[in-house]
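S.K.: Coordinates only, no sequence provided:
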Ligand SMILES: O=C[C@H](O)[C@@H](O)CC(=O)C(=O)O
Ligand SMILES: [Zn+2]
């Protein structure tokens, strides 16, 4: 398990481009036949990737830095379908997780395994790839699957601003409940490339974006930093960006794409954001 320490915005301002990437960009989360995890001290979120190969399920253990008997001993977890068809088994119950479906796993779940779905059921013909995002949990909420078709789906933005996008909320106050995690998937529609624009801050929560469904030859320019001191990172498919509570988080792609957004922290009010006018950015 890789550890990422927390960062003060004044220190951030002095970082060069490589240091910004080293601290906030997470690459290589998805490796065939492996579970990979990264721990950030920003709100103690953990992200990971699980790529089970056919006939070889993967078991989620508690990495040593958690000093836990099992991964969800003090944590809750969201398992997000990125591609292909997977089967996630939690204490004996198996849930099918397809692209853009999210399984919430409550605190206290002991045995969690990830397997490739039954042969021929892969919805997009691709190998199953699962994204994991977790936060400390003070109570137990029931494990529940939210297929993308059952998520709370809204539209935001408009074509004139190139930010017309579909926002799916899977784990949130009006849907499947959790202690801290608020998780969903947003996708700019065809011909639209901006996400989360106009941008916002929420000092009460850390947020992590995982970009996916971006062709290998394309990139997203992700913007972070305090609103009057922004920096950009060039991000490829299936890479994540950690956004501390003091940072904006928005971006534009060289074509359209999707991303998983996940928050944890002081509260779970999705609308608790401080909007930043475009003209106030620097
Ligand atoms: O705090 C909320 C998160 O940044 C995302 O949900 C925003 C988002 O998906 C979008 O506007 O495109
Ligand atoms: Zn946000």
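M.R.: That came through fine. Everything numeric here is computed off the predicted structure, so don't read it as measured data. Ligands and ions are numbered 1, 2, ... in the order given.

S.K.: drop to CA atoms for contacts and neighbour counts, all remaining ones
M.R.: OK.

S.K.: Can you name the residue of the stretch 101-250 of the chain nearest ligand 1?
M.R.: residue 196 (3.3 Å; C-alpha to the nearest ligand atom).

S.K.: check contacts around that residue.
M.R.: 163, 249-251 (C-alpha atoms under 8 Å, 6 or more residues apart in numbering).

S.K.: again, but for residue 265
M.R.: Taking C-alpha under 8 Å, 6+ apart as the test, what residue 265 contacts is 43, 180, 204-206.

S.K.: Setting the sequence-adjacent residues aside, check what's closest to it.
M.R.: Leaving aside its sequence neighbours, residue 265 sits nearest to residue 205 (C-alpha to C-alpha, 6 or more residues apart in numbering; 4.4 Å).

S.K.: check contacts around the one you found.
M.R.: 43, 244-245, 263-267.

S.K.: ditto for residue 276
M.R.: 198-201, 227.

S.K.: Equivalent analysis for residue 263, please.
M.R.: 180-183, 205-208.

S.K.: what's the answer for residue 254, then?
M.R.: Residue 254 touches 193, 218-220, counting by C-alpha under 8 Å, 6+ apart.

S.K.: Repeat that for residue 128.
M.R.: With C-alpha under 8 Å, 6+ apart, residue 128 has these contacts: 51-53, 81-86, 116-117, 122.

S.K.: element containing residue 104, please.
M.R.: strand 102-105 (DSSP states H and E).

S.K.: quick one, phi psi at residue 150?
M.R.: Backbone torsions of residue 150, given as degrees, to the nearest 10, read phi -110, psi 0.

S.K.: Spatially nearest residue to it, not counting backbone neighbours?
M.R.: Closest to residue 150 by C-alpha to C-alpha, 6+ apart is residue 170, at 7.9 Å.
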